[in-house]
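In: task: produce atomic coordinates for the following.
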Amino acid sequence: AAASKVLGGASDQLQARVHELLQEGAYTLRHGILRLPKRDPEAQEIVLAAGSCQFPPGILDQWLGFNSYFRLACGCYDPQFPSPDLLLLAGDQIYVDSTAGMFDPAAQDERYQHPYQRFYRSSAARATLREVPTAMMLDDHEIVDNWEPLPNDDDNWKRQREGLEYFRVFQRSRERGKQPHQWYSFRRKGFDFFMLDTRSERSQRASASLLEADMLHDTGRQPPPAENQWQALEAWLQQGPRDKPRFIVCPAMPFPQERRAIADVDRYAVNQNDQRFAAAMHSDSWSGYPASLAKLVELIRDARLENLVMINGDAHLGCVAEVTLDDDNTRFWAVHASGLYAPLPFANASRADLAACEPLKLANGIQGQVHTRFAPAGDGFAILEVRKTAERWEIAVSFDREAAASGQAWQQQIPLQCDCEHQAP
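Out: I've put the predicted structure just below:
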């Protein structure tokens with residue numbers, strides 16, 4: 001009836017064709033439909049999709065390489081699939097160094113612009129990004145593998161500047177692209193998100209002074225960062241609801257920690273340079289910056305948030321880690337989104353590499369326990385279904401895999417805390 005009213009002056013043939021198309025269903029009309037989100041500042045549920053690490057496929061694996069995006073796009077029209085309200089991409093959306101330096105182009109346009117063009121040419125990626133609002137954060141492969149500041153290396157800094165320039169052009173909105181920093185916060189359907197930049201503002205590291213290294217704010221940089229990411233994160237943690245789920249998205253994995261990075265914590269006595277943490281130089285994640293990880297956990301503890309969830313990428317595996325602190329029973333979770341396409345086994349983390357279920361001892365003396373459950377290996381993405389029941393908030397975390405297309409996806413239920421006295425009726 002609505003279509004007939006709009007097409008009142010159109011020819012009978014056109015009206016017949018429009019009515020025929022409307023009977024085809026949403027999937028057939030997907031290229032011409034723009035779904036507008038419902039604006040509900042007091043929403044009691046949201047569905048999140050999270051992924052990272054889209055290695056560029058070659059001539060022979062184009063379909064396989066973008067299969068995760070294809071499944072995600074198709075799921076938007078499948079009534080049996082939890083259609084996401086937001087897609088969170090936690091780094092390595094493209095690889096400017098896909099051949100590990102062997103055949104990587106040297107020219108700036110070929111090195112940075114062409115990987116983005118190849119990514120956005122994918123019909124599966126375009127379909128997903130067209131259907132689902134998306135928030136992105138960069139990681140190392142937007143710049144170079146495991147990028148961090150190096151002393152007296154002008155070429156290293158040049159790559160960082162160029163990588164950030166193209167990241168802002170191809171992965172940021174026009175307004176955010178004008179900001180002097182990459183991190184930002186936003187709200188979606190009444191839920192708060194902080195996109196943490198754990199790559200471009202790192203400081204230099206040295207084994208003899210590793211506790212001085214900072215993952216989020218390089219005070220030694222000239223000129224120094226215009227704004228302090230730590231201060232922004234602390235203000236965000238202290239503001240907003242205490243009981244409603246809140247989300248920090250950061251590419252680097254905080255928990256579980258890497259075994260080789262914490263191997264010497266109990267082995268050596270404390271001395272002037274605190275060599276207990278020297279092994280952390282082996283890690284590119286939060287484990288490689290022990291003072292920063294300790295500060296992060298301290299901020300979370302002091303904010304006394306009841307339902308904080310961190311969403312991470314980079315390690316090419318899926319897991320859910322529950323972190324409980326000894327001092328005041330602070331509890332939060334880290335959901336690690338697996339690689340969307342990670343075909344190189346030697347580049348993927350192994351469960352044996354991680355301190356999955358062990359006591360936690362941080363550089364500032366904070367202690368606790370980490371308990372981790374792993375999802376089946378494979379490429380895919382995480383789905384977080386957040387809802388409020390009569391008694392509490394809950395998050396159902398599932399990891400989509402191609403082998404689980406029949407609906408038998410791995411799922412982990414997170415029973416979040418809930419102080420019902422503070423909930424709106």
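In: just the helices in this protein please.
Out: For the chain, the helices defined by DSSP state H cover 2-6, 12-22, 62-65, 67-75, 108, 114-121, 123-131, 154-171, 174-177, 229-238, 290-303.
In: run through the bridge partners of the most centrally placed residue in the chain.
Out: Centroid check for the chain by C-alpha atoms, centre = their mean gives Ala90 as the closest residue, at 2.7 Å. Beta-bridge pairing for Ala90 (DSSP bridges): Met137.
In: how near is it to Glu142?
Out: Distance of Ala90 to Glu142, computed by C-beta to C-beta, to the nearest Å: 12 Å. Glycine gets a C-beta too; all of them are placed from N, C-alpha and C.
In: ok so, going back, just name the most buried of the helices of the chain.
Out: Among the helices of the chain, ranked by average contacts under mean count of other C-beta atoms under 10 Å, first place goes to helix 67-75 (a mean of 22).
In: just give me the neighbour total for the residue lying closest to Asp139 once chain neighbours are set aside.
Out: Sequence neighbours aside, Gly91 is the residue nearest to Asp139 in space, at 2.7 Å (criterion: C-beta to C-beta, 6 or more residues apart in numbering). When neighbours are defined as other C-beta atoms under 10 Å, Gly91 has 26 of them.
In: hang on, isn't Gly91 packed against Arg199?
Out: Yes. Between Gly91 and Arg199 there is a contact under C-beta atoms under 8 Å: 7.3 Å.
In: can you map out the strands along the stretch 251-400 of the chain?
Out: 308-312, 319-325, 331-336, 339-341, 358-361, 367-374, 380-388, 393-401 (DSSP state E, counting those that start in this stretch).
In: can I get the fifth one as CSV, trimmed to CA atoms?
Out: Below are the C-alpha coordinates for strand 358-361, written out as CSV (Å, rounded to 0.1, in the frame of the first residue of the first chain):
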residue,chain,number,x,y,z
GLU,A,358,47.4,-18.9,36.2
PRO,A,359,47.9,-16.4,39.0
LEU,A,360,48.4,-12.8,38.0
LYS,A,361,51.3,-10.7,39.3
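In: let me see the mean pLDDT of stretch 372-392.
Out: For stretch 372-392, mean pLDDT is 89.
In: who's in contact with Lys295?
Out: Contact partners of Lys295, counting by C-beta atoms under 8 Å, 6 or more residues apart in numbering, are Trp230, Asn364.
In: ok, now with 7 Å
Out: Taking C-beta atoms under 7 Å, 6 or more residues apart in numbering, we find Lys295 in contact with no residue.
In: so where's the protein shaky on pLDDT?
Out: 1-11, 13-15, 17-19, 21-43, 99-107, 174-177, 222, 264-276, 403-425 (pLDDT under 70).
In: gap between the spatially closest residue to Pro256 that is not a sequence neighbour and Ala315?
Out: Residue nearest to Pro256 in three dimensions, not counting chain neighbours: Leu354, with 4.3 Å by C-beta to C-beta, 6+ apart. With the distance defined as C-beta to C-beta, Leu354 ends up 8 Å from Ala315.
In: do Tyr112 as well
Out: Distance from Tyr112 to Ala315, by C-beta to C-beta: 24 Å.
In: and for Glu394?
Out: From Glu394 to Ala315 the distance is 26 Å (C-beta to C-beta).
In: ok, now Asp218?
Out: Counting by C-beta to C-beta, the gap from Asp218 to Ala315 is 24 Å.
In: more neighbours, those two?
Out: Ala315 (27 against 19).
In: give the contact list for the more buried one.
Out: So Ala315 contacts Met253, His336, Ala349 (C-beta under 7 Å, 6+ apart).
In: now rank the residues you listed by neighbours and give me the top one.
Out: His336 (30 neighbours).
In: hmm, Lys189 is touching Leu48, no?
Out: No. Using C-beta atoms under 7 Å, Lys189 makes no contact with Leu48, being 10.0 Å away.
In: and Phe399, how many neighbours?
Out: For Phe399, using other C-beta under 10 Å, the count is 27.
In: which residue is the nearest non-sequential neighbour of it?
Out: Phe399 sits nearest to Ala375 (C-beta to C-beta, 6+ apart), 3.8 Å away.
In: give the contact list for the one you found.
Out: Gly318, Cys319, Ser338, Phe399, Trp410.
In: and if you look at His181?
Out: His181 touches Asp197, Pro225, Ala226, Glu227, Gln229, counting by C-beta under 7 Å, 6+ apart.
In: same list (these) but as TSV, adding distance to Tyr184.
Out: TSV is the format used below for these (distance: C-beta to C-beta, whole Å):
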residue	distance to Tyr184
Asp197	9
Pro225	14
Ala226	14
Glu227	11
Gln229	10
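In: what's the separation between Phe70 and Arg188?
Out: Using C-beta to C-beta, which is the criterion applied here, Phe70 is 24 Å from Arg188.
In: which among the helices of the chain is found nearest to Ala263?
Out: Taking C-beta to C-beta as the criterion, helix 290-303 is the member of the helices of the chain that comes nearest to Ala263, at 12.3 Å.
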